[in-house]
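Q: Here is my input, please return the structure:
(2 chains)
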Amino acid sequence: MTARVLRCHPGVGPPVEGEALVTDDNFSARYDLDRLKGVFSRPQHQLYGQSYVGKVLVVNTAKGGVASAWMLHEMRARGVAPVAILFNRFNPILAQGAALAGMAICDRFDDGDVTQLIRTGERVHVDPEAGSVTVG
Amino acid sequence: MRLTDTEEAMLAGDLGTPRRWAMEHMLQVGRCFDAQDFVEVHQAHIMADTESLGEAGVTFLEDLAKAPAEHRRVRVPTITDPRGIDFRHYRKLGQTDAMAVLERRAIDAFEALGVLMTDTCINYQTIMPPLLGEHQAYGDTGVVIYSNSVLGARSNFEGGPSALAAALTGRTPRYGLHLDKHRVGTHLFHVRAQPSDLAEWGALGALIGRRAGSYWSVPVIEGIEEPPGSDALKHFGAAMASFGSVPLFHLVGITPEAPILDAVCDPETLPAEDVTAEQLRTFFGDYDASGETVDVVVFAAPQLSLVEMQQVADLLDGRRVHSETTLLVVTSPAVAADADRLRLTERIEASGALVLRGMCFYQSYAREMAEANGWRRLLSNSAKLVNILGGYGYAPSLLSMEGCVDAAVAGRCP
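A: From the prediction side, this is the model:
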């Protein structure tokens, strides 16, 4: 299978690679996660019970409060974090948090809904500075 | 981004390592949102509870605080959001000494940076409200949405690191809510039912926030008959920001940027939706816990104003909280000082309730508190709080302030 290259707005963080975990649900580190166990803990979340550790998380948008700005840094320092998060549209908090954490994040994909462009389990290479995501 | 000479000097490290970090951090964020330059801010407000910071975040602050005084002191008045620990009560809540030690380290670091430990998310009611058009770097989504919407200030959601960067440099990247184009209405709502208490204002904010649904949405709301008061809009905004990550709303005829509908949008081009009494009832219904035993009742998120403290005191006079139920009333240090002086604290605590100051329930290791105390069923009149705590292992329910007090006394939901 040939690799697909998705273009997006330049993001934050270093180039990374990982396995995709995709949902069209939204994301907040405070509202949705058990950060000690590394799993989604909000019962209503589509990824409830699933581990995000080491994954390229693909979600719709950022929700909730400002806590994620510290939490991404804290999660990464303990090694219980996704390697990257891709959004249709994130908010300033996630950009700020990724900048502090050194975590790769990108949003605003040219080809539309990123949660439909990538499937769970696919290998994904994320280059935030270039604004490109290679799948497969 | 275009930088002034001062900004270039800070970026080069001429004004110390903390300011260089701050500039580097804000440039990454600014580029991400296509900012062209920086805008000076009047105040910074930092959210930095130790549950979010963790050991890594506290160490990060301590490293900044090691810089020489002229390099580390903040450049604009800088205040703090609620913290996670009230030192006089933390053991009663099942919080640990390790949490208190981390908290003390964070406070020491902030004080070395010249930060005023106000520990409040109602600074717009108690410390210094912003002026119309004033650029700010506020943390806490409730503070941002209230200040932007009700007072006409201009702030993005500034997470702790970015608020700190703004404090150290006196500026923030000019993007988002600092720009006129992001303050224009994107959604139009017609409210067909007037909320009658704070919980209903929260529910209305939640319904609109959920439907508007993103940081880049600006709901314009018609149909609110008269200004409902600061506490009502506090709950309304906090819930809207919590459910939708929304940073700004306009109430036509009430908030300063929306004297008339046409001032904030082209109504012909916006999709319009009704918000009805039936939808409000359904919202409350989704949190219904009628007849169930109640473990903990919490008034917080946002912290209570002096007026709310009096309302709680009035409701509790001559009554006793059930022996199997905990009632927590959370406010800011400034309001608590007044509440002490006016004997509101004494009246509230005579019922067996506990007044907590300078913290907020959901920023205080809520999961660990639940496990330590066996708490599961939680009641609050804050739509924001019940929204957040679902992810922390609680079964939260939303009731009026009166309903919450009745339940705390009965030990059971009405």
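
Q: Once you drop chain neighbours, what's closest to the residue in chain A positioned nearest to chain B?
A: Ranking the residues of chain A by distance to chain B (CB to the nearest CB) places residue A:69 first, at 2.1 Å. Where you see a C-beta, it was placed from the backbone N, CA and C, and this is true even at glycine. Nearest residue to residue A:69 in three dimensions, chain neighbours excluded: residue B:159, at 2.1 Å (CB to CB, 6 or more residues apart in numbering or on different chains).

Q: So which bits of chain A are right by chain B?
A: With CB under 8 Å from any CB of the partner chain as the criterion, chain A meets chain B at residues A:9-12, A:30-34, A:41-45, A:61-71, A:73-74, A:76-78, A:89, A:91-93, A:95-97, A:99-100.

Q: Now, these that are in helices?
A: By the criterion of DSSP state H, membership of these in helices covers A:30-32, A:68-71, A:73-74, A:76-77, A:92-93, A:95-97, A:99-100.

Q: In the stretch 201-350 of chain B, what residue spans correspond to strands?
A: B:219-222, B:250-251, B:272-275, B:296-304, B:326-331 (DSSP state E, counting those that start in this stretch).

Q: Can you tell me which of those strands is packed in deepest?
A: For these, the stretch with the most neighbours on average is strand B:296-304, a mean of 28; neighbours defined as mean count of other CB atoms under 10 Å in any protein chain shown.

Q: tell me which helix or strand of chain A sits lowest on mean pLDDT?
A: Lowest mean confidence among the helices and strands of chain A (mean pLDDT, DSSP states H and E): helix A:29-32, at a mean of 88.

Q: Can you give the contact residues for that one?
A: For helix A:29-32, the external contacting residues (CB atoms under 8 Å, 6 or more residues apart in numbering or on different chains) are A:35, A:40-42, A:45, A:47, A:63-65, A:67-68, A:71-72, A:75, A:97, B:52, B:362, B:387-388, B:390-391.

Q: so how many other residues sit close to residue 91?
A: You didn't say which chain, so I picked chain A. Close neighbours of residue A:91, defined as other CB atoms under 10 Å in any protein chain shown, add up to 28.

Q: please go with chain B instead
A: When neighbours are counted by other CB under 10 Å, residue B:91 registers 12.

Q: Near chain A, which residues of the stretch 301-414 of chain B? Just list them.
A: By the criterion of CB under 8 Å from any CB, the positions of the stretch 301-414 of chain B lying close to chain A are B:362-363, B:367, B:387-388, B:390-393.

Q: Recalculate using a threshold of 10 Å.
A: B:301, B:362-363, B:366-368, B:384, B:387-393, B:395 (CB under 10 Å from any CB of the partner chain).

Q: Let's see which of those residues end up in helices.
A: Per DSSP H, helices hold the following members of these: B:366-368, B:384, B:387-389.

Q: Any chance of these in TSV with neighbour count as columns?
A: Rendered in TSV, the data for those read as follows (neighbours: other CB atoms under 10 Å in any protein chain shown):
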residue	neighbour count
B:366	24
B:367	17
B:368	17
B:384	30
B:387	25
B:388	26
B:389	25
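
Q: distance of the closest residue to chain A within the stretch 51-200 of chain B from residue A:113?
A: Here the stretch 51-200 of chain B gets closest to chain A at one residue, residue B:159, 2.1 Å apart by CB to the nearest CB. For residue B:159, the distance to residue A:113 under the criterion CB to CB, to the nearest Å works out to 26 Å.

Q: neighbour count winner among these two?
A: Remark: of residue B:159 and residue A:113, residue B:159 carries more neighbours, 33 against 11, as counted by other CB under 10 Å.

Q: helix or strand for the most centrally placed residue in chain A, which one?
A: With the centre of chain A defined as its mean C-alpha position, the nearest residue by CA atoms, centre = their mean is residue A:85, 1.3 Å away. Counting by DSSP states H and E, the secondary-structure element that holds residue A:85 is strand A:84-89.

Q: packing partners for that strand?
A: Contacting strand A:84-89 under the criterion 3 or more CB pairs under 10 Å, 6 or more residues apart in numbering or on different chains; DSSP states H and E are the following elements: strand A:4-12, strand A:16-22, strand A:55-61, helix A:92-101, strand A:104-109, helix A:114-117, strand A:123-127.

Q: What pairs with it, parallel or antiparallel?
A: Using DSSP bridges, the strands paired with strand A:84-89 are strand A:55-61 (parallel), strand A:104-109 (parallel).

Q: ok, and for stretch A:94-104, which residues are buried?
A: For stretch A:94-104, a neighbour-count test (16 or more other CB atoms under 10 Å in any protein chain shown) marks A:94-101, A:103-104 as buried.

Q: would TSV of these with distance to residue A:121 and pLDDT be doable?
A: Formatted as TSV, the buried residues of stretch A:94-104 follow (distance: CB to CB, whole Å; pLDDT from 0 to 100):
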residue	distance to residue A:121	pLDDT
A:94	24	95
A:95	27	96
A:96	30	96
A:97	26	96
A:98	24	97
A:99	29	97
A:100	30	97
A:101	25	96
A:103	21	97
A:104	19	98
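
Q: In terms of distance to residue B:155, which of those ranks first?
A: Nearest to residue B:155 out of those is residue A:96 (CB to CB; 13.2 Å).

Q: Pull out the CA atoms of the strand holding residue A:85 and give them to me as CSV.
A: As requested, C-alpha coordinates have been extracted for strand A:84-89 and formatted as CSV (Å, rounded to 0.1, in the frame of the first residue of the first chain):
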residue,chain,number,x,y,z
ALA,A,84,1.3,13.2,19.0
ILE,A,85,-2.3,14.5,18.8
LEU,A,86,-3.9,15.5,15.5
PHE,A,87,-7.1,17.7,15.5
ASN,A,88,-9.5,19.1,13.0
ARG,A,89,-9.2,22.2,15.1
